[in-house]
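In: Could you look at this predicted model? Sequence included:
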Amino acid sequence: MVLLGDGACDGTRLQQVVQDAGWSSVCRRVPYDGVVGWGDLSSRYLGACIKPGTLVELSEVLFTREDYGPIMLLCCWAKGYQAPLSLVPNMTSAEEACRLYTKRFRIETFFSDQKSRGFHLHQCILPILTPLSLFIATCLASIWIVYLGSICMKEG
């Protein structure tokens with residue numbers, strides 16, 4: 001199993017749970033807040049010092065004010081993008097971590113539909129539904145909407 005997460009998934013407690021479960025993970029670091037210890041170098045400085053098309057890998061990094069780690073910190077700036085990504089993987093290969101993280105964007109639209117652009121699950125306060133059953137209901141609704149859209153496209 002592999003956990004691919006955005007900035008909401010970069011906390012040390014989740015990282016430890018994933019590690020204890022034996023999963024791999026690649027989580028985006030909230031951009032350049034400087035809460036990474038590696039000598040005098042912070043993730044803010046790291047992001048500012050690379051150019052598009054580069055990958056910088058730091059090992060033995062201490063993460064957050066809790067000094068969690070040591071972990072690997074990656075800063076990768078894909079060509080064509082305006083800013084680099086700061087990633088925290090729990091694996092040993094920087095290239096594999098970047099390859100896996102690119103798969104996250106395939107589901108980004110779905111999560112956006114579930115939250116801010118569609119069902120607004122983050123604001124829902126229906127007491128009769130558990131969060132899981134509400135999520136399942138909106139997943140089924142999303143599938144139905146995609147199905148109806150494909151029929152409309154097919155039939156003109």
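Out: Ah, there it is.

In: helices and strands of the protein: which one bottoms out on pLDDT?
Out: strand 36-37 (a mean of 51; mean pLDDT, DSSP states H and E).

In: Please parse the chain into its domains.
Out: Annotated domains of the chain cover 2-104, 109-155 [automatic domain parsing].

In: Make a markdown table from these and add mean neighbour count to it.
Out: Every C-beta, even on glycine, is put in place using the N, C-alpha and C of the backbone. Below are those laid out as a markdown table (neighbours: other C-beta atoms under 10 Å):
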| stretch | mean neighbour count |
| --- | --- |
| domain 2-104 | 16 |
| domain 109-155 | 11 |
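
In: rank those domains by pLDDT, which is bottom?
Out: Least confident of the domains of the chain, judged by mean pLDDT, is domain 2-104 with a mean of 74.

In: What ranges does this protein have for its helices?
Out: Counting by DSSP state H, the segments of the chain that form helices are 12-21, 43-48, 94-102, 108-114, 131-155.

In: Leu74 pairs with what?
Out: When bridges are called by DSSP bridges, Leu74 pairs up with Glu57, Leu87.

In: Run through the residues that contact it.
Out: Shown in contact with Leu74 (C-beta atoms under 8 Å, 6 or more residues apart in numbering): Leu55, Val56, Glu57, Leu58, Leu85, Ser86, Leu87, Val88, Pro89, Ala94, Ala97, Cys98.

In: With adjacent residues omitted, what lies nearest to Ala97?
Out: Nearest residue to Ala97 in three dimensions, chain neighbours excluded: Pro89, at 3.6 Å (C-beta to C-beta, 6 or more residues apart in numbering).

In: Check whether the one you found really touches Arg29, as I assumed.
Out: No. The pair Pro89 and Arg29 does not pass the contact test of C-beta atoms under 8 Å, sitting 10.4 Å apart.

In: quick one on the thing from earlier: output the contacts of Leu74 in JSON lines; the columns should cover distance to Gly5.
Out: Formatted as JSON lines, the contacts of Leu74 follow (distance: C-beta to C-beta, whole Å):
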{"residue": "Leu55", "distance to Gly5": "19"}
{"residue": "Val56", "distance to Gly5": "20"}
{"residue": "Glu57", "distance to Gly5": "19"}
{"residue": "Leu58", "distance to Gly5": "19"}
{"residue": "Leu85", "distance to Gly5": "12"}
{"residue": "Ser86", "distance to Gly5": "13"}
{"residue": "Leu87", "distance to Gly5": "10"}
{"residue": "Val88", "distance to Gly5": "9"}
{"residue": "Pro89", "distance to Gly5": "11"}
{"residue": "Ala94", "distance to Gly5": "17"}
{"residue": "Ala97", "distance to Gly5": "12"}
{"residue": "Cys98", "distance to Gly5": "15"}
